[in-house]
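Asks: Got a predicted model here, sequence first, then my questions.
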Amino acid sequence: MPGLPHRARHAGDDYGAPAEPNWREVNWREHLHQVRVDGRIVNFADYGSGSPDLHPVVLIHGLGGCWQNWLENIRPIAATGRRVIALDLPGFGHSEPPDDEISISGYGRAVNALCDELDLGEVVLIGHSMGGFTACETAIQFPQRVERVVLISAAGITTSDLMHQPILGGARIAAALGTRAVANSTTVVRRKRLRRPVYASFIRYPDLIPTDFLFEITQGSGRPAFNAALRAILSYDFRDRLPEIEVPVLIIWGYEDMLVPNSDASKFERLIPNARKVVFEDTGHSAMMERPQPVNDLMIEFLAEVHDAPEREEDLGAAATRGKQADAV
């Protein structure tokens, strides 16, 4: 649930503190690119040259988001020697909507197609909220593509039941729609008294988040895919297929998540064979924004772990030979 303002002083020094290296030191326009995927423009940030021995990382934002949602995470991950791709999902940010109906399955195909277009080979997928839903779906549809997964407050468990719970579902949908409608105005970002009613639906203590970062993540609001993507989240249930994910999965959650209950972390952990969870106290729906440094440290440690890689039968091109892990120790 949102944190009361007087509780913010107890959130800890790492809450809202910028991660290092700092994203503000980069001219991000130099790292923005667009390609056509299935005939539609997909916008993405591409940062870090990447070591041939390390899998690229693909970051997938949530509902109403954009690639900037990962500004606190891109450089720290890239500093470990990995190439990092943060995309705008079709219909969000500066990516065009798809020609066909928006669906979680379609988003999984779009992520895979972008990886093909960029010749990434096997990748690490890191997804937040709807992006976590999409990351799992990609791993299910294209197991040869995914080396490991990080889920941050992922949709796909409780969200599949909301259509059958009108009161609970309506409250969450209203919160999401309210954020979309109001956050278009930069006035909201600049005026602290307006921040809380807008951002408290997904950030526990909005007043502790730097203004320039709030401005950046607001750029993803009000895009045409929002309502269709929301329907896609609520109408798709893949819980019976989660056991098909064989790669290692790290689950990160905020204990006070106001959109997706923290109990879903345990459900993901139970349904995915090689998964483990970490829950941050006094944290809301967006742990990678609220506590970027400890979340980055956790993800980087997970990415560095060695595990037995499953055999890959499908050829992914030249890049498929990159980043093969040594035998587990």
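Replies: It's in. Remember, predicted model here, so these are calculated numbers, not experimental data. Numbering: from 1, shown residues only.

Asks: Could you give the number of residues near residue 113?
Replies: 16 (other Cβ atoms under 10 Å). Yep, even glycine has a C-beta here, placed from its N, CA and C like the rest.

Asks: Now do the contacts for it.
Replies: Residue 113 sits next to 37-38 when contact means Cβ atoms under 8 Å, 6 or more residues apart in numbering.

Asks: Helix, strand or coil: sort out it for me.
Replies: The assignment at residue 113 comes out as helix when based on DSSP: H, G, I helix; E, B strand; the rest coil.

Asks: Number the chain from 50, please
Replies: All set: I'll call the first residue 50, so the last point we hit is now residue 162.

Asks: Please read off the pLDDT at it from the model.
Replies: On the pLDDT scale, residue 162 is placed at 98.

Asks: Can you name the helix or strand that residue 143 falls in?
Replies: Using DSSP states H and E, residue 143 sits in no helix or strand.

Asks: for it, phi and psi?
Replies: Main-chain torsions, residue 143, degrees, to the nearest 10: phi -110, psi 20.

Asks: Mind telling me what element the nearest residue to it once chain neighbours are set aside is part of?
Replies: Spatial nearest neighbour of residue 143, excluding adjacent residues (Cβ to Cβ, 6 or more residues apart in numbering): residue 92 at 3.9 Å. Assigned by DSSP H and E, residue 92 belongs to strand 89-96.

Asks: Can you name every helix or strand that that strand contacts?
Replies: strand 81-86, helix 120-127, strand 133-136, helix 153-166 (3 or more Cβ pairs under 8 Å, 6 or more residues apart in numbering; DSSP states H and E).

Asks: so for the helix or strand just after it, what's the average pLDDT?
Replies: Sequence-wise, the next helix or strand downstream of strand 89-96 (DSSP H and E) is strand 106-109. Throughout strand 106-109, pLDDT has a mean value of 98.

Asks: starting at the chain centroid, how far to strand 106-109?
Replies: 7 Å (Cα atoms, centre = their mean, to the nearest Å).
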